[in-house]
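>>> Test case, fold it:
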Amino acid sequence: MNKELPEGWVWTTVGNSIIKISTSGKKLKQKDYLEEGNLPVVDQGQLEVGGYTNLDGLKINVNTPVIIFGDHTKIFKYINYDFVPGADGIKVLKPIVFYNPKLFYYFLQVIELPDKGYARHFQYLEKGPIPLPPLAEQQRIVNKIEELFANLDKGIEYLKTAQAELKLTRQSVLKYAMEGKLTEKWREENKDNIEPASALLEKIKESKEGRYKELPCFWKWVALENITLEVRKINPKENPNVSFIYLDIASIDNKNQKIKNPKFYLGKDAPSRARQLVKEGDILLSTVRTYLRNIALVPKEFDNQVASTGFCVLRLANGNSKWLFYLVQNDEFLDSLTEMQRGTNYPAVRNSDILSKIIPFPPIAEQNKIVEEIETYYSILDNMENTISQSLHQTSSIRQSILKKAFQGKLVPQDPNDEPASILLERIKAEKNSKIKKEKYQQLRID
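Here you go, the predicted structure:
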């Protein structure tokens, strides 16, 4: 407590600034929480309200606001409504009348506490030093903190909106790419050198065509089964002592469409779904309803490894695999698969339904250009996404910096006409030793 404070401020301790409200006989176990009820249940979890109850007899009889401290989690909550305490590990703290409750809540978040894991931390908080500003200044500090926090929240809202718009922009890029709009200029400049998709389809036995909306010049409508190759089925158990990498739906990070968590098995331990021998450039497309967006392109390190039958494996017969990889991520393509799902317990899309899908098929040269255009746009969007993510990550440190400045008396200017906090301390001591104080706080104690 030897740190310098502004004139008129004094050091005290958390223990000297609170009345501890008993929760004896009032705690509600988590298994008894309701999703709806008359009273919110406040516990030491991350969410402000953990659940609800209709047990009015468990309500804490105290004049709010109070501060809830998670003895195990070190979480602080400012509660200004009737509530029931949840489970174990919370302390209900009522600031003394000479401390602005909201400022006290903010200041508590600046106090450094040791990390004792799931052990209790209140014993350290109670002894922690905390500054006491003049009463008039306390409200000015609260006003300034909340003004700055409101501005910060607006910035966060803007960043999150921009983040959401980037996701929509990615889908727009895919949509325009698969409609030939990203390559219109390129197509015009290269029209004399492009081999039409019809010529390519002749090479791989073009069959089913669809007549939907008009396609760009040189493009064709074609069924997926007519531009893809069959994938070999195997049984790893035939080689019981041979190890292999197994790719299942959980192996894919669907935020980045990449394989992140492959599994390793010996043949004798192979899962029953480990049946598809995949090659570099194959597209793994999940057929299970809740994981339709688990899509990945098989990289070189997983060539000749085994994938689950929960995937429809697409192997392009001739062309740019990345083009097909981007096509199947298009909302228009995936939304149509959702309508094809069958089954009740585990709804899924059949491989035959996917392979019968009619898609727009551009010439190989234009496939290459489409991939180039998509990845150029994606590179720009990735940089923007990283900038936004970094900014969002910094907001928590900015918030803490504001609180530290307030704690040090550097957030608002002092007013020499304010009654010094030392006089407040004297009053606190007098209150503690008087009958008036006992009568005043008797209503806050729960025996």
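>>> Figure out the helix or strand that Ser24 lives in.
Under DSSP states H and E, no helix or strand contains Ser24.
>>> count of residues packed around the residue nearest to Pro240 when sequence neighbours are not counted?
Among residues not flanking Pro240 along the chain, Lys268 sits closest, at 3.6 Å (Cβ to Cβ, 6 or more residues apart in numbering). C-beta coordinates here come from the backbone N, C-alpha and C atoms, glycine included. Lys268 has 12 neighbouring residues, counting by other Cβ atoms under 10 Å.
>>> For Lys268, which residues are in contact?
Neighbouring residues of Lys268 by Cβ atoms under 8 Å, 6 or more residues apart in numbering: 237, 240-241.
>>> Distance to Lys26, secondary structure and neighbour count added to those, as JSON lines?
Formatted as JSON lines, these follow (distance: Cβ to Cβ, whole Å; DSSP: H, G, I helix; E, B strand; the rest coil; neighbours: other Cβ atoms under 10 Å):
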{"residue": "Lys237", "distance to Lys26": "58", "secondary structure": "helix", "neighbour count": "13"}
{"residue": "Pro240", "distance to Lys26": "60", "secondary structure": "coil", "neighbour count": "11"}
{"residue": "Asn241", "distance to Lys26": "61", "secondary structure": "coil", "neighbour count": "7"}
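>>> Including distance to Met178 and pLDDT, could these go into a markdown table?
Shown next, in a markdown table, are the contacts of Lys268 (distance: Cβ to Cβ, whole Å; pLDDT from 0 to 100):
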| residue | distance to Met178 | pLDDT |
| --- | --- | --- |
| Lys237 | 40 | 95 |
| Pro240 | 44 | 95 |
| Asn241 | 45 | 95 |
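>>> Save these as TSV, and put in distance to Thr161 too.
Shown next, in TSV, are the contacts of Lys268 (distance: Cβ to Cβ, whole Å):
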residue	distance to Thr161
Lys237	52
Pro240	55
Asn241	55
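>>> And these, which is closest to Leu174?
The shortest approach to Leu174 among these belongs to Lys237, at 39.5 Å (Cβ to Cβ).
>>> so what's that closest one up against?
267-268, 270.
>>> how near is the nearest residue to Ser422 once chain neighbours are set aside to Leu159?
Spatial nearest neighbour of Ser422, chain neighbours left out: Val10 (5.1 Å); criterion: Cβ to Cβ, 6+ apart. With distances taken as Cβ to Cβ, to the nearest Å, Val10 is found 40 Å from Leu159.
>>> which residues in the stretch 1-150 of the chain form helices?
For the stretch 1-150 of the chain, the helices defined by DSSP state H, counting those that start in this stretch occupy 101-108, 122-127, 135-178.
>>> for the first one, the distance to its chain's centre please.
Pointing back at helix 101-108 there. Relative to the centre of its chain, helix 101-108 is centred 28 Å away, using Cα atoms, centre = their mean, to the nearest Å.
>>> Can you verify my assumption that Val288 contacts Gly343?
No: using Cβ atoms under 8 Å, Val288 is not in contact with Gly343, being 9.8 Å away.
>>> higher neighbour count, those two?
Ranked by neighbour count (other Cβ under 10 Å), Val288 and Gly343 place Val288 first, with 17 against 11.
>>> residues contacting the more buried one?
Neighbours of Val288 in contact, by Cβ under 8 Å, 6+ apart: 249, 310, 346-348.
>>> Going through those, which ones are buried?
249, 310, 348 (16 or more other Cβ atoms under 10 Å).
>>> and Pro420, how far is that from Ala250?
Note on Pro420: its distance to Ala250, by Cβ to Cβ, is 63 Å.
>>> Between those two, point out the one with more neighbours.
Pro420 (17 against 14).
>>> Which parts of the stretch 201-350 of the chain are strands?
With DSSP state E, counting those that start in this stretch, the ranges of strands along the stretch 201-350 of the chain come out as 220-223, 243-247, 252-253, 258-259, 263-266, 274-278, 283-286, 295-297, 305-308, 311-314.
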